[in-house]
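**Q** Starting from these lines, generate the structure:
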Amino acid sequence: MIAARFAPLDIECLVTTAVELWEDIDPDDLSGHQRDILDRARVAMLAEHAGRQPSFPEVVTFIGPRPAGRAWVLRRHSRHEDEVSLHVDEDCARAELAKYARGVWDNVVGDEGIPDRPPADDRDVVRLYYGPDRDGRPDEGYSLHPEKIIGRGRTRIVALDHRFPDEDACEQANRDAIFHPQTDADGLPCVEIDGVLVFAYLDHEAGAVRVSVHLDSAQDRLLRPDGSVPLRVEVEDDLVLDTGTGGASERGLLAELLDAADDLQEQAIREAAIAAGVLWRCPTCRWDNPAQASRCEGPGACRVPKPRKTG
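**A** Numbers count the residues shown, from 1 in each chain. This next block holds a predicted model:
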């Protein structure tokens, strides 16, 4: 079935492309991603009509969506203000609330049980300022509660013999990159390329130029079998991050799978890894070696060279 070879968003892209072509849209107006999906679909369709399997990677891993995160929502309101802010945990939210209360502590100095200076503990500051039942200030109040953060929530399908896009595909993706300028107080400038979002902006609170990379929406073709996206970050001439070393993530994932498998599962995993090119089996001693090994690394004296690919 052709649809089984594509991710849900790719299928949606195919349907959209078909509609656009049906309406006599010039193919040159299609995006690089649309043209890439069309080419893949064409190969799959021709192979199916010819009664053979297309040369797509058949051994895949399914990467489930990330579990929902959580943020604490703080709403602070008064006669003149109504502010909502998000915080990573409850303590951070209370610290922000206590910071405000300390700045207006004179509003409660002189009331019963209120010290002249706010205490050091954030919870005590909030309790004394707003009252134990949050009703100590008739014109002020707050609410604080956790909320789930739910992302796109789709399962990714990634080939075990994952290869980073080739030169032509990378060039086209670079040409299709989109810049999103900041258009309101809540937005930030961002460059989008193949679903990867790179934010670069001036952060007055941190007093620094801030760069943030978001990978949740990255295209499936960028994902490695462990769900990560290879990154290389440079500042001037200094390399500050490089996760693009080939093979390391695949071998790590394979080791985890084999450690957790029973005998029957282990056999199936090894056969899949060999089919995907992550392992190669020594023709002499039958030892399974990593793809990077040029000779057999079995526990015995066997050091047979890695067989050359034929055909």
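**Q** Could you measure from the most centrally placed residue in the chain over to Glu266?
**A** For the chain, Asp216 is the residue whose C-alpha lies nearest the centre (Cα atoms, centre = their mean; 2.9 Å). Using Cβ to Cβ, to the nearest Å, Asp216 is found at 32 Å from Glu266. Just so you know, the C-beta spots here come from the backbone N, C-alpha and C atoms, and that holds for glycine as well.
**Q** repeat for Arg75
**A** In terms of Cβ to Cβ, Arg75 sits 53 Å off from Glu266.
**Q** try Arg303
**A** From Arg303 to Glu266 the distance is 25 Å (Cβ to Cβ).
**Q** cool, and Ala71?
**A** Distance of Ala71 to Glu266, computed by Cβ to Cβ: 41 Å.
**Q** Then Val240?
**A** 39 Å.
**Q** With neighbour numbers in mind, choose between the two.
**A** Using other Cβ atoms under 10 Å as the criterion, Val240 and Glu266 rank with Glu266 on top: 14 against 9.
**Q** part of a helix, is the more buried one?
**A** Yes: according to DSSP: H, G, I helix; E, B strand; the rest coil, Glu266 belongs to a helix.
**Q** so what's it up against?
**A** Glu266 makes contact with Leu258 under the criterion Cβ atoms under 8 Å, 6 or more residues apart in numbering.
**Q** quick one: it from Asp288, how far?
**A** Glu266 is 10 Å from Asp288, by Cβ to Cβ.
**Q** joint contacts of the two?
**A** Joint contacts of Glu266 and Asp288 (Cβ under 8 Å, 6+ apart) do not exist.
**Q** Thought Arg270 was touching Trp280, still the case?
**A** No: judged on Cβ atoms under 8 Å, Trp280 makes no contact with Arg270 at a distance of 11.1 Å.
**Q** which residues do the two both contact?
**A** Asp288.
**Q** Could you double-check that Gln219 sits in contact with His33?
**A** Yes: the pair Gln219 / His33 is scored as a contact, 7.5 Å apart, by Cβ under 8 Å.
**Q** so what's in contact with those two at the same time?
**A** Joint contacts of Gln219 and His33 (Cβ under 8 Å, 6+ apart) are Asp194.
**Q** show me where the stretch 101-250 of the chain has helices.
**A** 122-130, 167-175, 248-260 (DSSP state H, counting those that start in this stretch).
**Q** could those helices go into a markdown table alongside mean neighbour count, distance to Glu140 and mean pLDDT?
**A** Listed next are these as a markdown table, based on neighbours: other Cβ atoms under 10 Å; distance: least, Cβ to Cβ, whole Å; pLDDT from 0 to 100:
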| stretch | mean neighbour count | distance to Glu140 | mean pLDDT |
| --- | --- | --- | --- |
| helix 122-130 | 19 | 7 | 92 |
| helix 167-175 | 13 | 51 | 92 |
| helix 248-260 | 15 | 52 | 68 |
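**Q** now those in a markdown table, with distance to His87?
**A** Converted to a markdown table, the helices of the stretch 101-250 of the chain look like this (distance: least, Cβ to Cβ, whole Å):
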| stretch | distance to His87 |
| --- | --- |
| helix 122-130 | 12 |
| helix 167-175 | 36 |
| helix 248-260 | 33 |
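**Q** where along the stretch 1-150 of the chain do the strands fall?
**A** 60-63, 69-77, 82-87, 141-149 (DSSP state E, counting those that start in this stretch).
**Q** Can you lay out these as a markdown table showing distance to Asp135?
**A** Listed next are these as a markdown table, based on distance: least, Cβ to Cβ, whole Å:
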| stretch | distance to Asp135 |
| --- | --- |
| strand 60-63 | 49 |
| strand 69-77 | 13 |
| strand 82-87 | 18 |
| strand 141-149 | 8 |
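**Q** Least confident of the ones you listed, on average?
**A** Mean pLDDT is lowest for strand 60-63 among these, at a mean of 65.
**Q** and the closest residue in space to Val209 that isn't next to it in sequence, how many neighbours does it have?
**A** Leaving out its chain neighbours, the residue that sits closest to Val209 by Cβ to Cβ, 6 or more residues apart in numbering is Leu202, at 6.0 Å. When neighbours are counted by other Cβ under 10 Å, Leu202 registers 11.
**Q** Repeat that for Gln219.
**A** 19.
**Q** Make sure Arg232 is actually in contact with Leu241.
**A** Yes: Arg232 is within contact range of Leu241, at 6.9 Å (criterion: Cβ under 8 Å).
**Q** Surely the residue nearest to Val209 and Leu188 touch.
**A** No: assessed by Cβ under 8 Å, Leu202 is found out of contact with Leu188, at 10.0 Å.
**Q** Please list all residues in contact with the closest residue to Arg76 other than its chain neighbours.
**A** Distances taken as Cβ to Cβ, 6+ apart put Tyr142 closest to Arg76, at 4.6 Å, once the chain neighbours are dropped. The contact partners of Tyr142, by Cβ under 8 Å, 6+ apart, come to Leu74, Arg75, Arg76, His77, Leu97, Tyr130, Arg134.
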